[in-house]
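Trainee: Have a look; sequence and predicted model below, questions after that.
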Amino acid sequence: MLMNDSDRKNLGFSTRAIHPVRREEDDGIRPHTPPIYQTSTFLFEDVDQGARRFAGDESGYIYSRLGNPTIRILEETAADLENAGDGAAFASGMGAISAVLMQVLSSGDHLVASRTLYGCTYSLMQGILPRMGVEVTFVDATDLSAIESALRPNTRALYAETPANPSMDLVDLEGFAALGEEAGVLTIVDNTFMSPYLQRPLDWGIDIVVHSATKYIGGHGDVVAGLVASDAEFIASLKGEAMKDIGAIIGPFDAWLLIRGLKTLQLRMQRHSENAQCIAEWLEEHPRVRKVNYPGLPSHPQHDLARKQNPRGLFGGMISFEMCGGYEAGRDLLNGVRLCTLAVSLGATDTLIEHPASMTHSTIDEEDQLKVGITPGLVRLSVGVEDCEDLIRDLERAMEKL
Ligand SMILES: Cc1ncc(COP(=O)(O)O)c(C=O)c1O
């Protein structure tokens, strides 16, 4: 028998992640894992049924850009884990973010965004949105009064990442949501760095959550995907317009990989966080490191906020740190590691190391990079789930060679 919504309500996070939402009646075959409906279109019994489905008078699948049973399992399971009314899956994190912004904003609107964002989110807001008649003001989102002062009568939405990529600055989700509510504008938060296991922005009153599911949700570095979670009304409008008409949809196999990824999310996040905490503490003591940005360190300026927003006492797998010796020291460290993988992206089982200024955040000009702490010597580490001692040994050996 399939579990119903009220059965799920009382289950813990891990149980809900391991048992995806499955609504399809079985056809006698009953596979243990959800089938991959690798089909672009669906058959109608007759012309009248096709017309009824297009008119919305009958539920049922039509065409995979409009919906697909494998993708639907992912969307409902991910939404459930974010405590959202519904979810929508996309071909990439940027596909999800751009669809949400297209859905929410119109020409003449104004957006207030954190100035510390993933490079392509920043360049979408700095380049494409203004070309479409949307004004964007970038602010220091760690300061709620700066957000408030940027509000205008035509402000339609507030946007932030927390922790932000790569500064690891936090946004006070409760205060951010309250500001949005008072001003009557939507709040959108990118929850990629934490995943719903460690942080659920909707619980703090945020309206819309976006993810690069490429990262922790997929978890194995083998899929590029995005997710949106919000109330059912917003998701219906997103699916009916920006998803349907722009079409950055996920493929059924990629959706299946994410359904599988979710099953181990809690185990991986726990280990990512424990390893990252240990490495952050080690880096902080290292004479070749000037500064470590990790919310789990008492030296992080928003450590108390981190503890409030992450009640499990786990602060995720992302660390950024600044080397003494600037660009050359950072470059030599990245070239010197053997176990850590020199690659962008994050949230994989192996540890990834990269240089934000020349890689993930190179779309931001140098002056703006410096304003948000992306110095030439800044290194970003996505700590994996390996044995922590091996990672420290690898970093130590590379540091010794500097
Ligand atoms: C915080 C954050 N949001 C969004 C994205 C974009 O996601 P994707 O690469 O899946 O399009 C990234 C990519 O690195 C990211 O780090």
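Mentor: Alright, I've got the coordinates.
Trainee: Near the ligand, which residues of the protein are found?
Mentor: 92-94, 118, 120-121, 161, 165, 190, 192, 212, 214, 224, 226 (Cβ under 6 Å from any ligand atom). Using the backbone N, CA and C atoms, a C-beta is placed for each residue, glycine as well.
Trainee: By neighbours, which of those residues wins?
Mentor: Ranked by the number of neighbours (other Cβ atoms under 10 Å), the residues of the chain next to the ligand place Ser212 first, at 30 neighbours.
Trainee: quick one: contacts for it?
Mentor: By Cβ atoms under 8 Å, 6 or more residues apart in numbering, the contact list for Ser212 reads 92-94, 96, 118, 190, 192, 225-226.
Trainee: among these, which are in strands?
Mentor: Taking DSSP state E, the ones among the contacts of Ser212 that sit in strands are 190, 226.
Trainee: picking up where we left off before, output the residues of the chain next to the ligand in TSV; the columns should cover pLDDT.
Mentor: Formatted as TSV, these follow (pLDDT from 0 to 100):
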residue	pLDDT
Ser92	98
Gly93	98
Met94	98
Tyr118	95
Cys120	96
Thr121	97
Glu161	98
Asn165	92
Asp190	98
Thr192	98
Ser212	98
Thr214	98
Val224	98
Gly226	98
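Trainee: circling back to that earlier point, so which pair among the contacts of Ser212 is furthest apart in space?
Mentor: Farthest-apart pair in those is Tyr118 and Ala225; separation 15.1 Å (Cβ to Cβ).
Trainee: So for the residue lying closest to Asn335 once chain neighbours are set aside, what pLDDT did the model give?
Mentor: Take Asn335 and drop its neighbours on the chain: the residue closest to it by Cβ to Cβ, 6 or more residues apart in numbering is Leu342, 7.6 Å away. pLDDT, Leu342: 97.
Trainee: residues contacting Leu342?
Mentor: Contacts for Leu342 (Cβ under 8 Å, 6+ apart) come out as 334-335, 352-354.
Trainee: which ones among these are found in helices?
Mentor: Of the positions in those, 334-335 sit in helices, assigned by DSSP state H.
Trainee: Buried only: go through the contacts of Leu342 for me.
Mentor: 334, 352-354 (16 or more other Cβ atoms under 10 Å).
Trainee: Now the element after the worst-scoring helix or strand of the chain on mean pLDDT, going C-ward?
Mentor: Here the helix or strand of the chain ranked lowest by mean pLDDT, DSSP states H and E is helix 5-9, holding a mean of 85. For helix 5-9, the succeeding helix or strand toward the C-terminus, using DSSP states H and E, is helix 13-18.
Trainee: Poorly predicted segments of the stretch 301-402 of the chain, please.
Mentor: Within the stretch 301-402 of the chain, no stretch falls below the threshold (pLDDT under 70).
Trainee: Do a quick rundown of the helices in it.
Mentor: 303-309, 326-336, 366-371, 388-400 (DSSP state H, counting those that start in this stretch).
Trainee: Distance to Asp140 added to those, as TSV?
Mentor: What follows is those, written out as TSV (distance: least, Cβ to Cβ, whole Å):
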stretch	distance to Asp140
helix 303-309	15
helix 326-336	24
helix 366-371	9
helix 388-400	31
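Trainee: what's the farthest-apart pair in the buried ones among the contacts of Leu342?
Mentor: Pairwise distances across those (Cβ to Cβ) peak at 10.7 Å, for the pair Leu334 and Leu352.
Trainee: And the helices in the stretch 1-150 of the chain?
Mentor: Under DSSP H, counting those that start in this stretch, the stretch 1-150 of the chain gives helices at 5-9, 13-18, 47-55, 69-81, 93-104, 119-123, 129-131, 144-150.
Trainee: neighbouring contacts of the first one?
Mentor: Contact partners of helix 5-9, identified using Cβ under 8 Å, 6+ apart, comprise 16, 19, 21, 80.
Trainee: and that helix, which residues are buried?
Mentor: Per 16+ other Cβ under 10 Å, helix 5-9 contains no buried residues.
Trainee: for that helix, the distance to its chain's centre please.
Mentor: Distance of helix 5-9 from the chain centroid (Cα atoms, centre = their mean, to the nearest Å) equals 26 Å.
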